[in-house]
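Participant: Structure for the following, please:
(4 chains)
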There are 2 protein chains.
Amino acid sequence: MAKKNTLPYIILGLLSKSELSGYAIRTAFENEIGEFWQAKHSQIYPELKKMLAADLVTFRTEIVGEKLEKKLYSLTAKGTTVLADWIQSPTDDLPVSHDEFALKLYFVSSQADPIIATMMTKQLSNHQQNLSHLKARQRLLFSTATAIKTNYGHYLILRRAINRETDYVDWLKTELAEQQKFNRQG
Amino acid sequence: MAKKNTLPYIILGLLSKSELSGYAIRTAFENEIGEFWQAKHSQIYPELKKMLAADLVTFRTEIVGEKLEKKLYSLTAKGTTVLADWIQSPTDDLPVSHDEFALKLYFVSSQADPIIATMMTKQLSNHQQNLSHLKARQRLLFSTATAIKTNYGHYLILRRAINRETDYVDWLKTELAEQQKFNRQG
DNA sequence: TACGTCATGTAAATAGTTACATGATTGG
DNA sequence: CCAATCATGTAACTATTTACATGACGTA
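Facilitator: Numbers count the residues shown, from 1 in each chain, chains lettered A, B, ... in the order given. Below you'll find the predicted structure:
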């Protein structure tokens, strides 16, 4: 996880689609990429500075209204190359999906513990909510074939997120059913 | 994610099952819990020291062979309470499953880019390998009803990991099929 | 006797979060 | 005019990784 410094590559990727301010990069993490990575503005601004020094990005300043200065970053030639190299490099390390809920279950050793059903029911509701949100996004963004064609990467990872959440929900339902069966049989 | 300091709770959870050395805690991350969390020994030893100071754990020293000293940690009453509180506390923050591969796909905007199929084929092989490994573990550890009953938490998260990997494999297969269809139709 | 594993630690660096700080713009 | 959002930054802290360091044990 940490330590491979993925953030600069994500920033490069975002900038390859369009010129963006630090603030706009920050808000991008509220969309689908936020399902796979997140960063706060306090990490983004210093990172942009480092990337500027490394000649991966440039910026131009735009005035919004009377005096508010907005820095619009874009890729340099070097940045474009570095991004392409990253995308083409192998992604061999499987992600360790930090899952606090799964860990908690691991430490509830007894199948008879009623807390399992309580925990699972709550978690089911959480994931169902996220799934509804993602499906609404899909309807909103990708109801036409053209939308899919012009934004294929976005389409792919939205489907990935939907798959992931659907699977989590299904797993919880299966295990809950097994719990209920166990409790009936005693 | 980080920053909620989950590690001490995992350590408490492991120690609730049996007395363990720092080294044994480290090796536990090579089993199923490693699918959901990981830590190096350089983080574990200092953490145990902090937990000792916080009266969450105690240890006794065992001599292995002639002089090698092994510290066997176990829970204090306080540690037991803190663990139970953690397990019962809500797990409302959905995990941001860091997925570098999904991010890379997001930045390959064009459906026509042949790199997509190459990347997906490689990734499919990675996940299939992990899935085989997990299924072998299931056969090894949970082929009897008794095994499931006496180690239910372990059984649950192994199934969770298998579900997760199965879903990833299925998603990749689906998207690869769509890619091939797209390429034929041009 | 050499190699892999068991065993325990510390130090230095980086990644990421939380908190501190400031000010302009837009829309109701 | 007030609140939400746009916009940019820094400081302090914590979590995590990589690297440094040492030594005993078991076995082939």
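Participant: domain assignment for chain A?
Facilitator: Domain ranges of chain A: A:7-88, A:100-185, per automatic domain parsing.
Participant: Same list, those domains, but as CSV with distance to DNA strand C and mean pLDDT please.
Facilitator: For every residue, glycine as well, the C-beta is placed using N, CA and C. Formatted as CSV, the domains of chain A follow (distance: least, CB to the nearest atom of the strand, whole Å; pLDDT from 0 to 100):
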stretch, distance to DNA strand C, mean pLDDT
domain A:7-88, 3, 97
domain A:100-185, 14, 94
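Participant: Just send the ones you listed back as TSV, with mean neighbour count too.
Facilitator: Shown next, in TSV, are the domains of chain A (neighbours: other CB atoms under 10 Å in any protein chain shown):
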stretch	mean neighbour count
domain A:7-88	16
domain A:100-185	17
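Participant: Name the next helix or strand following the helix or strand that A:Leu105 is a member of along the chain.
Facilitator: Assigned by DSSP states H and E, A:Leu105 belongs to helix A:100-107. Using DSSP H and E, the helix or strand that follows helix A:100-107 towards the C-terminus is helix A:115-141.
Participant: does chain B sit close to that following helix?
Facilitator: Yes. Contact of helix A:115-141 with chain B (CB under 8 Å from any CB of the partner chain) involves A:Ile115, A:Met119, A:Lys122, A:Gln123, A:Asn126, A:His127, A:Asn130.
Participant: What angle do helix A:100-107 and that helix make with each other?
Facilitator: Between helix A:115-141 and helix A:100-107, the angle comes out at 160 degrees (axes from the mean of the first three to the mean of the last three CA atoms, to 10 degrees).
Participant: Flag every residue of chain A that's near DNA strand D.
Facilitator: A:1-4, A:21-24, A:26-27, A:41-42, A:45-46, A:48-49, A:64, A:68-71 (CB under 7 Å from any atom of the strand).
Participant: try 10 Å
Facilitator: Contact residues (CB under 10 Å from any atom of the strand) of chain A with DNA strand D: A:1-4, A:20-27, A:30, A:40-49, A:52, A:59, A:61-62, A:64-65, A:68-73, A:93, A:96, A:98.
Participant: Could I get the phi/psi values of A:Glu30?
Facilitator: phi -90, psi -10 (degrees, to the nearest 10).
Participant: Report the contact partners of it.
Facilitator: A:Glu30 makes contact with no residue under the criterion CB atoms under 8 Å, 6 or more residues apart in numbering or on different chains.
Participant: rerun at 10 Å
Facilitator: By CB atoms under 10 Å, 6 or more residues apart in numbering or on different chains, the contact set of A:Glu30 is A:Gln38.
Participant: what do you get for A:Asn31?
Facilitator: The neighbours of A:Asn31, taking CB under 10 Å, 6+ apart as the test, are A:Arg137, A:Leu141, A:His154, A:Ile157, A:Leu158.
Participant: Closest one of those to chain B?
Facilitator: Taking CB to the nearest CB as the measure, chain B lies nearest A:Ile157 of the contacts of A:Asn31, at 4.8 Å.
Participant: where's the longest helix seen in chain A relative to the chain centroid, distance-wise?
Facilitator: Ranked by number of residues, the top helix in chain A under DSSP state H is helix A:152-185. Here the centre of helix A:152-185 is set off from its chain's centre by 18 Å, with CA atoms, centre = their mean, to the nearest Å.
Participant: Got the phi and psi for A:Ile63?
Facilitator: A:Ile63 adopts backbone torsions of phi -100, psi 130, taken as degrees, to the nearest 10.
Participant: before we move on, back to that, helices or strands next to the longest helix of chain A in the packing?
Facilitator: Other helices and strands packing on helix A:152-185, by 3 or more CB pairs under 10 Å, 6 or more residues apart in numbering or on different chains; DSSP states H and E, are helix A:7-17, helix A:100-107, helix A:115-141, helix A:145-150, helix B:100-107, helix B:115-141, helix B:152-185.
Participant: Export the shortest one to PDB, keeping only CA atoms.
Facilitator: Read that as helix A:145-150. Extracted C-alpha coordinates of helix A:145-150, given in PDB (Å, rounded to 0.1, in the frame of the first residue of the first chain):
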ATOM      1  CA  ALA A 145     -23.300   4.000 -26.200                       C
ATOM      2  CA  THR A 146     -21.600   7.300 -27.000                       C
ATOM      3  CA  ALA A 147     -21.000   8.200 -23.400                       C
ATOM      4  CA  ILE A 148     -19.300   4.800 -22.900                       C
ATOM      5  CA  LYS A 149     -17.100   5.200 -26.000                       C
ATOM      6  CA  THR A 150     -15.900   8.700 -25.100                       C
END
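Participant: any bit of that helix sitting next to chain B?
Facilitator: Yes. Using CB under 10 Å from any CB of the partner chain, helix A:145-150 comes into contact with chain B via A:Ile148, A:Lys149, A:Thr150.
Participant: just to revisit the earlier point, the residues of chain A next to DNA strand D in helices, which ones?
Facilitator: A:22-27, A:41-49, A:52.
Participant: Just flag the most distant two among those residues.
Facilitator: Within those, A:Thr27 and A:Leu52 form the most distant pair, 20.3 Å apart (CB to CB).
Participant: that older thread, just how off-centre is the helix holding A:Leu105 within its chain?
Facilitator: Using CA atoms, centre = their mean, the offset of helix A:100-107 from its chain centre is 22 Å.
Participant: which other helices and strands contact that helix?
Facilitator: Helix A:100-107 packs on helix A:115-141, helix A:152-185, helix B:7-17, helix B:77-88, helix B:152-185, going by 3+ CB pairs under 10 Å, 6+ apart.
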